[in-house]
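Undergrad: here is my input; please provide its structure:
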Amino acid sequence: MPPEVFASLAAVPPYPAPLHLAVGMFDGVHRGHQAVIQRALDAARTSGGTAGVLTFWPHPSVVLRPAAPTRVMQDPAAKAEVLRGLGMQLILTEPFSAGIAEVEARGFAAWLRARLPGLAGLYVGENFRFGRGRRGDVALLAQTGREGGIAVVVAPPVLWEGAPVSSTRIRTLLAAGEMAAVAGMLGRPYVSQGPVVTGKRLGRTLGFPTLNLIWSPPAGPRFGVYAVRVRGTSGAPRPGVANYGLRPTLEQATDPRLELHVFGDCPWAEGAVLSVEWERFLRPEQAFPDVAALRVQIQLDCAAARAVLGLPPA
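TA: Numbers count the residues shown, from 1 in each chain. Sure thing, here's the model as predicted:
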């Protein structure tokens with residue numbers, strides 16, 4: 001069954017006990033987050049209860065430090081898609097507000113229990129902080145949970161190449177175009193999703209027609225050219241090459257755009273919703289002196305992408 005998805009705690013009807021709830025921002029839903037979520041799933045299966053996740057939007061930093069908020073990788077819809085794939089039965093996205101920021105740390109577990117009467121367990125990472133001034137830590141959560149009859153389970157960090165997996169590390173690697181390391185810490189390929197929109201059809205004039213996706217997360221990959229695999233709502237993925245950036249040779253754009261050239265027959269057109277798996281960074285985006293130079297480089301990019309994806313030369 002698909003999960004139940006709610007845009008706030010206030011929208012959740014009385015939920016049957018026991019509810020096992022993973023709590024956190026979970027930006028990226030990486031391997032460390034998955035370790036927390038798996039504990040909630042395991043407890044729900046053992047008890048015959050429900051596995052849920054509580055996350056927040058916007059990122060708390062937007063409220064707590066608006067001059068320098070954290071640049072996130074996912075919006076709620078993209079996050080929910082990953083959580084759905086992990087088997088979560090209940091997905092809650094609570095609007096983060098100044099009011100929530102003022103909840104005293106000692107009262108946080110009770111605040112949750114009042115809104116989710118069936119709450120039986122809370123599942124968090126060891127660096128989880130909460131409450132006014134972020135004064136609450138996992139020791140306080142365990143103490144106040146016991147007082148309220150709520151089990152608290154803390155998942156240890158998951159290591160990748162000798163250091164804990166974190167959203168901060170992944171954002172840094174994305175900005176460098178290190179897609180293999182990003183996939184390693186996510187536990188899956190890095191994926192972007194969006195609808196195909198009408199472009200200026202400039203790619204066709206170069207002999208390389210493209211699909212254009214308006215997609216620009218606050219914390220996105222490095223501008224440049226990538227080998228990719230493209231998926232529609234059904235069927236096998238198609239190999240291709242992508243450019244993500246501002247297209248400096250052909251226009252003076254200010255909004256990043258994702259342009260896809262699919263190898264072979266392309267079955268998609270405007271309006272199709274596509275998922276793009278980013279395999280490898282090929283080169284940074286750059287301005288070329290003329291269209292002829294750009295065309296030559298695109299040919300080289302296609303050849304490089306085909307080699308990365310294990311395809312024979314065109």
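
Undergrad: low-confidence ranges, this protein, go.
TA: The chain contains residues with pLDDT under 70 at 1, 200-205.

Undergrad: so it: which segments form each domain?
TA: With domains defined by automatic domain parsing, the chain comprises 4-163, 190-308.

Undergrad: surely Val5 touches Gln89?
TA: No: counting by C-beta atoms under 8 Å, Val5 does not reach Gln89; the two are 10.4 Å apart. In this view, the C-beta of every residue, glycine as well, is placed from N, C-alpha and C.

Undergrad: and those two? Which one has more around it.
TA: Gln89 (20 against 16; other C-beta atoms under 10 Å).

Undergrad: now for the domains of the chain, which one comes closest to Arg171?
TA: Among those, domain 190-308 comes nearest to Arg171, with 4.6 Å by C-beta to C-beta.

Undergrad: what does stretch 286-296 rub up against?
TA: The contact list for stretch 286-296 (C-beta atoms under 8 Å, 6 or more residues apart in numbering) reads Thr205, Leu206, Gly207, Phe208, Pro248, Thr249, Leu250, Gln297.

Undergrad: residues near the second one, how many?
TA: What that stands for is Leu206. Leu206, neighbours per other C-beta under 10 Å, totals 16.

Undergrad: the fifth one too?
TA: Neighbouring residues of Pro248 were enumerated by other C-beta under 10 Å; the total is 13.

Undergrad: likewise the one 3 residues further on?
TA: In terms of burial, Glu251 registers 11 neighbours under the definition other C-beta under 10 Å.

Undergrad: three-state assignment of it?
TA: coil (DSSP: H, G, I helix; E, B strand; the rest coil).

Undergrad: how near is it to Ser192?
TA: Counting by C-beta to C-beta, to the nearest Å, the gap from Glu251 to Ser192 is 21 Å.

Undergrad: just Ala120 next, same as before
TA: 36 Å.

Undergrad: so which of the two has more stuff around it?
TA: Using other C-beta under 10 Å, the more surrounded residue of Ala120 and Ser192 is Ser192, with 22 against 19.

Undergrad: tell me if I'm right that that one and Ile214 touch.
TA: No: in this structure Ser192 lies outside contact range of Ile214 using C-beta under 8 Å: 10.8 Å.

Undergrad: who touches both of those two?
TA: With C-beta under 8 Å, 6+ apart, Ser192 and Ile214 have common neighbours Leu258.

Undergrad: in this protein, which spans are helices?
TA: 31-47, 60-64, 76-86, 98-101, 108-115, 138-147, 167-176, 179-186, 202-205, 291-308 (DSSP state H).

Undergrad: would you turn the ones you listed into a markdown table with distance to Ala269 and mean neighbour count?
TA: A markdown table is the format used below for the helices of the chain (distance: least, C-beta to C-beta, whole Å; neighbours: other C-beta atoms under 10 Å):
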| stretch | distance to Ala269 | mean neighbour count |
| --- | --- | --- |
| helix 31-47 | 35 | 20 |
| helix 60-64 | 36 | 16 |
| helix 76-86 | 23 | 17 |
| helix 98-101 | 43 | 12 |
| helix 108-115 | 45 | 18 |
| helix 138-147 | 50 | 17 |
| helix 167-176 | 29 | 18 |
| helix 179-186 | 27 | 20 |
| helix 202-205 | 13 | 15 |
| helix 291-308 | 21 | 16 |
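
Undergrad: quick one: which of those is nearest Arg222?
TA: That would be, of these and by C-beta to C-beta, helix 167-176, which comes in at 5.8 Å.

Undergrad: between helix 31-47 and that closest one, find me the angle.
TA: 130 degrees (axes from the mean of the first three to the mean of the last three C-alpha atoms, to 10 degrees).

Undergrad: from the contact counts, what lies against helix 167-176?
TA: helix 179-186 (3 or more C-beta pairs under 8 Å, 6 or more residues apart in numbering; DSSP states H and E).

Undergrad: which pair in the contacts of stretch 286-296 spans the largest distance?
TA: The widest separation within the contacts of stretch 286-296 (C-beta to C-beta) is 19.8 Å, between Gly207 and Pro248.

Undergrad: re the thing from before, and the contacts of stretch 286-296, which is closest to Arg229?
TA: For those, with Arg229 as the reference and C-beta to C-beta as the criterion, the closest is Phe208, at 17.5 Å.

Undergrad: that closest one and Cys302 touch, don't they?
TA: Yes: taking C-beta under 8 Å as the definition, Phe208 is a contact partner of Cys302 at 7.3 Å.

Undergrad: got any residues that touch both of the two?
TA: His261.

Undergrad: before we move on, the earlier item: quick one: which of the contacts of stretch 286-296 is nearest to Ala67?
TA: Taking the contacts of stretch 286-296 together and measuring to Ala67 by C-beta to C-beta, the closest member is Pro248, at 29.6 Å.
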